[in-house]
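S.K.: Below are the sequence and a predicted model for it; my questions follow.
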Amino acid sequence: MANCPFTHIYGEHHDIKHAIHLAKQFTNSRLPVLITGEIGTGKTLFAQEMAKASQIILEHIYCPNINEEILQKTLHEKAIQVLYLDEVSALSFPMQHHVIRFLETSNETKIIASSSLSLEALRVSSTFLPELFYRLNVLHLSIPSLADRKTDIPVLTTAFFQELELHPDIDPSVWDAFEQYPFEGNVQELKNIIHYAGAILEGDTVFLHHLPPFVLLPHHTTVKKKKEEHQLTLMEKQEFIFLLETTRALNEKGEAASRRILSELSKQGDIPLTPQQVRSRLDDLERKTYVTKGRGRAGTKITLEGLSFLKSLDSCIPVH
């Protein structure tokens with residue numbers, strides 16, 4: 001059972017079950033697989049389990065750390081059966097061209113690529129070549145975030161404790177804390193929290209004091225922020241400029257400016273924002289009538305007042 005593929009991907013939510021079902025179907029295909037999902041959702045685990053199911057060795061390349069010489073050498077290695085390009089969107093343009101040529105000429109090596117950007121964000125990204133996107137996006141596997149399957153938290157918690165050979169009871173206050181916690185690091189962050197609790201656990205029950213302090217921190221900071229009124233800081237101005245400029249650019253392309261896409265695009269630059277932070281900033285901008293937020297595919301739209309505000313922000317940001 002321990003060596004059986006996909007047994008270490010836990011969950012009962014229909015989204016994760018569907019992802020596992022697709023991964024099993026993709027296992028025996030030679031076509032490229034593109035895995036998308038937020039950081040910590042388990043993209044690498046899915047790639048490893050797909051290789052295990054095929055009983056072949058996975059060559060893992062972490063794209064943010066590789067240089068062009070090593071990539072070229074790896075691509076010309078004839079013995080590779082499955083090549084996993086982890087965070088493929090981090091490759092430079094020259095390295096992306098190498099992968100494109102490899103896909104054009106290689107029939108022996110299967111490519112699995114992953115990205116923490118969504119399919120939509122990858123498609124509109126100015127740093128990812130469309131030629132590579134459409135060559136990789138043949139078999140697409142989307143891994144759900146933990147926020148989208150919070151009903152799996154008890155299943156995951158139990159499984160992670162079992163991996164530590166622990167079987168504690170969980171106090172109801174812990175479940176309440178988990179329900180309110182955003183889990184921006186997704187399943188990996190929950191696993192880290194369980195490892196922390198397991199390391200300091202005494203007795204047979206997990207209580208709040210067994211959790212890392214930061215799990216409870218958001219509740220205190222939220223209350224504090226509500227009491228504070230202050231002028232915009234330089235960082236806030238830069239965040240608003242990014243959100244308004246990106247929203248305007250997406251509007252002009254006819255693309256939906258959803259908070260998830262805005263968050264993903266922000267991580268390509270110097271102002272990374274979580275979906276929760278984007279929502280908070282957009283709420284503020286909407287109250288000031290600088291944007292309007294539509295539901296579903298409508299996304300966020302910048303207003304004339306927003307364009308004027310953006311112009312004023314651009315003029316007051318110092319140029320270095």
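M.R.: Received the coordinates, thanks.

S.K.: Would you map the helices across the stretch 201-320 of the chain?
M.R.: Assigned by DSSP state H, counting those that start in this stretch, the stretch 201-320 of the chain shows helices spanning 217-227, 234-253, 259-266, 275-287, 304-316.

S.K.: Where does pLDDT dip in this protein?
M.R.: Applying pLDDT under 70 to the chain picks out residues 1-3, 218-231, 295-298, 314-320.

S.K.: re the thing from before, wait, which of the helices of the stretch 201-320 of the chain is closest to residue 94?
M.R.: In terms of Cβ to Cβ, the element of these nearest to residue 94 is helix 259-266, at 22.6 Å. The way it works is simple: take the backbone N, C-alpha and C, and place the C-beta from them, glycine included.

S.K.: Would you mind finding the most buried of the helices of the stretch 201-320 of the chain?
M.R.: helix 259-266 (a mean of 23; mean count of other Cβ atoms under 10 Å).

S.K.: mind checking which of the helices of the stretch 201-320 of the chain is nearest residue 120?
M.R.: Among those, helix 259-266 comes nearest to residue 120, with 5.6 Å by Cβ to Cβ.

S.K.: quick one: contacts of that closest one?
M.R.: For helix 259-266, contacts defined as Cβ atoms under 8 Å, 6 or more residues apart in numbering pick out 116-118, 120-121, 124-125, 242-243, 246-247, 250, 255, 272-275, 277-279, 282, 299-300.

S.K.: rerun that using 6 Å as the cut-off
M.R.: For helix 259-266, the external contacting residues (Cβ atoms under 6 Å, 6 or more residues apart in numbering) are 117, 118, 120, 121, 246, 272, 273, 274, 275, 278, 279.

S.K.: repeat for stretch 80-88
M.R.: So stretch 80-88 is contacted by 47, 51, 56, 58-64, 109-115 (Cβ under 6 Å, 6+ apart).

S.K.: Please apply the same query to stretch 159-172.
M.R.: With contact meaning Cβ under 6 Å, 6+ apart, stretch 159-172 is reached by 10, 191, 194, 198, 204, 205, 206, 207.

S.K.: Tell me how far the fourth one lies from residue 205.
M.R.: Okay, so that is residue 198. Taking Cβ to Cβ, to the nearest Å as the measure, residue 198 falls 13 Å from residue 205.

S.K.: So for the two, which residue has more residues nearby?
M.R.: residue 198 (17 against 12; other Cβ atoms under 10 Å).

S.K.: How about the contacts made by the more buried one?
M.R.: 164, 166.

S.K.: Does it lie in a helix or a strand, and which?
M.R.: Following DSSP states H and E, one finds residue 198 within helix 186-200.

S.K.: Please export the C-alpha coordinates of that helix as PDB.
M.R.: Taking C-alpha atoms only, helix 186-200 is exported to PDB below (Å, rounded to 0.1, in the frame of the first residue of the first chain):
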ATOM      1  CA  ASN A 186      -2.100  25.500   1.300                       C
ATOM      2  CA  VAL A 187      -1.700  21.800   2.100                       C
ATOM      3  CA  GLN A 188       2.100  22.200   2.700                       C
ATOM      4  CA  GLU A 189       1.400  24.900   5.300                       C
ATOM      5  CA  LEU A 190      -1.100  22.700   7.100                       C
ATOM      6  CA  LYS A 191       1.400  19.900   7.100                       C
ATOM      7  CA  ASN A 192       4.000  22.200   8.600                       C
ATOM      8  CA  ILE A 193       1.600  23.200  11.300                       C
ATOM      9  CA  ILE A 194       0.800  19.500  12.100                       C
ATOM     10  CA  HIS A 195       4.500  18.800  12.300                       C
ATOM     11  CA  TYR A 196       5.000  21.700  14.800                       C
ATOM     12  CA  ALA A 197       2.100  20.400  16.900                       C
ATOM     13  CA  GLY A 198       3.400  16.900  16.800                       C
ATOM     14  CA  ALA A 199       6.800  18.000  18.000                       C
ATOM     15  CA  ILE A 200       5.600  19.800  21.100                       C
END
